[in-house]
Structures are given as structure tokens and as C-alpha cells.
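1. Got a sequence here, can you build the structure:
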Amino acid sequence: MSTSTAPAAGLIGGNTTFRDKEKPMAVRSANIVAARAVADAIRTSLGPRGMDKMIRSGKGETIITNDGNTMLKSMSVMHPTAKMLVNLSAAQDVEAGDGTTSVVVICGALLGAADRLLGKGIHPSVISEAFQRAAAAAVQVLHDMSQPVSLTDRATLLQAANTSLSSKIVSQYSGLLGSMAVDAVTKTIDIKTADNVDLKNIRIIKKVGGTIEDSELVDGLVLHQPVIKAAGGPARMEKAKIGLIQFQLSPPKPDVS
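-> Residues are numbered from 1 along each chain as shown. Here you go, the predicted structure:
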């Protein structure tokens with residue numbers, strides 16, 4: 001009795017330990033697969049031969065774009081790790097305004113490399129530390145090859161804006177839109193002291209009808225609220241004093257779905 005009981009107890013304990021080691025590995029693999037699936041979904045929109053995506057939202061709207069941030073925001077991503085890639089693209093869009101697809105594709109490639117290293121038995125902490133060292137080395141290389149750009153150098157700023165627009169649907173209008181983008185940024189910052197721009201100071205107003213050539217940059221405020229003639233007020237007034245009120249003047253809309 002004593003001889004048969006000891007191996008059985010050892011066998012049960014061994015199985016439990018093996019399963020405990022397997023569980024974290026399975027979770028890591030599932031997270032990597034979910035994140036790489038998102039990266040692979042938008043990989044084909046990167047580069048000069050990248051294809052545009054047609055997305056139909058839940059509200060019935062149809063969006064045609066090759067912008068990574070727009071595609072990720074339009075996708076219904078449920079996995080928490082995959083949502084981190086959506087946040088990564090949004091952070092890149094806020095910080096640089098471009099490269100939203102590139103950062104997601106690079107992240108997917110790094111996760112694929114990490115998965116292969118995990119398969120070789122390398123500890124995740126070692127892989128993470130190696131990625132941190134590689135990131136520091138990459139930043140140093142970028143600093144060494146970078147060239148300083150003055151905000152007063154309009155030609156260089158236009159070249160950078162046109163390069164960003166070259167991969168977009170409106171690339172043929174980069175001459176018009178690039179100039180508008182540069183002027184919009186330089187007019188909302190102090191060129192002597194600014195190191196970044198708050199995009200909330202620039203508003204894009206879309207109107208149905210017309211073409212892209214009809215777009216224009218307005219140095220000031222654009223009020224697209226129609227004139228209410230029912231009150232009997234004037235429809236045109238010269239040299240008027242304008243008051244800016246920070247609350248809604250129009251009647252509230254009922255919340256009915």
C-alpha cells in the first residue's frame with residue numbers, strides 16, 4: 001500500500017506544476033496572437049502600394065481610408081491587448097500626426113519576434129529588457145541622422161506636409177492641402193517658443209457639395225449656424241460687435257434612438 005501511494009502522489013504533484021507553468025505561456029501566446037491579428041489587418045495599407053480600405057460602420061456610414069488610426073477607431077476591437085495597439089496608433093496620431101500604420105506594423109513584427117524568443121525558452125523579462133536597450137539605441141541613431149528644421153523655413157515645412165499627404169487619398173491635392181496645413185499650424189503657435197501644437201486650436205468644418213479645390217483656410221472664426229430670420233432680426237450688419245458665448249444657443253435635441 002505504501003509503495004503504490006507514493007508514486008501516485010508524486011505524479012499528481014508533477015502534473016499540477018506542469019499545468020501551472022503552461023498557463024502563463026498560453027496567456028502570453030493568446031495576447032500576442034490577438035495583437036498581431038490587428039497589425040496584419042492593416043499591414044496591406046502601408047507603403048506606396050498600400051491599398052485603401054472600405055469600412056462600413058455600425059451607423060451605416062461608409063469610410064474609405066488608408067489611415068491606420070482611422071481604421072483602428074472604426075474597428076470593433078474587444079481583446080484588451082489588441083486595444084493597446086489602437087491606443088498606440090492614437091498616441092502616435094496625437095504626437096506626430098503621421099505614421100499611425102507604421103507603429104502598429106512595427107509593434108506586430110516585434111511581437112512576432114518576441115513569440116519566437118519565448119518559444120526558445122527565453123524569459124519575458126530578458127526579452128523586455130533587450131527591447132528597451134534596442135529602443136534606446138534606435139533613438140540615438142535617429143538623433144544622429146536627423147536634421148534640425150526651423151519653423152520659419154516654410155519650404156521645408158511644405159515638403160514635410162506634402163510627403164505626409166503623398167500616401168493619402170488626397171495626394172493629388174497635396175499642393176493645396178499641404179500649404180493650408182502649414183499655414184494653419186504656424187498661425188496658431190508662437191514660432192519663437194513653440195515646440196508642439198495643440199490641434200484643438202484648428203477646426204475642420206465639412207460642407208456637402210463642391211470639390212477639394214473649394215477648400216480654404218479662414219484666419220478667424222467660422223460660424224456655420226444659419227441666421228434665424230423668424231425672430232425678425234437683421235440678416236446683414238456691418239461693423240457689428242460680436243460676442244462669443246460658450247454655451248449652446250440652439251434648442252437642445254431630444255435624446256431619442
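
2. CA only for contacts and neighbour counts going forward, please
-> Will do.

3. phi, psi of residue 65?
-> phi -160, psi 160 (degrees, to the nearest 10).

4. Now do the buried residues in stretch 86-100.
-> 86, 88, 89, 90, 92, 93, 98, 99, 100 (16 or more other C-alpha atoms under 10 Å).

5. I misspoke; the intended subject was stretch 168-177.
-> 168, 171, 174, 177.

6. Serialize the residues you listed to JSON lines and add fields for secondary structure and distance to residue 239.
-> What follows is these, written out as JSON lines (DSSP: H, G, I helix; E, B strand; the rest coil; distance: C-alpha to C-alpha, whole Å):
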{"residue": "168", "secondary structure": "coil", "distance to residue 239": "42"}
{"residue": "171", "secondary structure": "helix", "distance to residue 239": "40"}
{"residue": "174", "secondary structure": "helix", "distance to residue 239": "37"}
{"residue": "177", "secondary structure": "helix", "distance to residue 239": "32"}
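
7. still on that earlier bit, among the buried residues of stretch 86-100, which pair sits farthest apart?
-> 86 and 98 (14.4 Å; C-alpha to C-alpha).

8. What segments of the stretch 1-150 of the chain are helices?
-> Ranges of helices within the stretch 1-150 of the chain are 2-43, 68-74, 80-95, 100-119, 124-145, based on DSSP state H, counting those that start in this stretch.

9. Packed most tightly, which of the ones you listed would that be?
-> Among those, helix 68-74 has the highest mean neighbour count (mean count of other C-alpha atoms under 10 Å), at a mean of 21.

10. which of the helices of the stretch 1-150 of the chain has the lowest average pLDDT?
-> In terms of average pLDDT, helix 2-43 trails the rest of the helices of the stretch 1-150 of the chain, at a mean of 65.

11. Residue 54 reaches residue 61, doesn't it?
-> No. Using C-alpha atoms under 8 Å, residue 54 makes no contact with residue 61, being 10.3 Å away.

12. if you count what's nearby, which of these two comes out ahead?
-> When residue 54 and residue 61 are compared for neighbours, residue 54 comes out ahead with 12 against 8, by other C-alpha atoms under 10 Å.

13. residues in contact with the more buried one?
-> 62, 63, 64, 65 (C-alpha atoms under 8 Å, 6 or more residues apart in numbering).

14. quick one: which of these has the most company?
-> Of these, with other C-alpha under 10 Å as the count, residue 65 tops at 17 neighbours.

15. Show me what it bridges to in the sheet.
-> residue 53 (DSSP bridges).

16. Okay, now the unreliable bits of the stretch 151-257 of the chain?
-> For the stretch 151-257 of the chain, applying pLDDT under 70 flags the ranges 257.

17. how about the helices of it, start to end?
-> Using DSSP H, counting those that start in this stretch, helices in the stretch 151-257 of the chain cover 154-165, 174-187.

18. Residue 74: which of those is closest?
-> Of all these, helix 154-165 comes closest under C-alpha to C-alpha, at 20.8 Å.

19. That closest one packs against which elements?
-> helix 174-187 (3 or more C-alpha pairs under 8 Å, 6 or more residues apart in numbering; DSSP states H and E).

20. which residues touch stretch 160-179?
-> Residues contacting stretch 160-179 (C-alpha under 8 Å, 6+ apart): 47, 48, 65, 66, 67, 98, 158, 181, 182, 212, 213.

21. What's the end-to-end length of it?
-> 11 Å (C-alpha to C-alpha, to the nearest Å).

22. For residue 27, give its distance to residue 232.
-> 68 Å.

23. Closest to residue 110 out of the buried residues of stretch 86-100?
-> Distances from residue 110 to these, taken by C-alpha to C-alpha, are shortest for residue 88, at 13.9 Å.

24. Could you measure from the closest one over to residue 146?
-> 23 Å.
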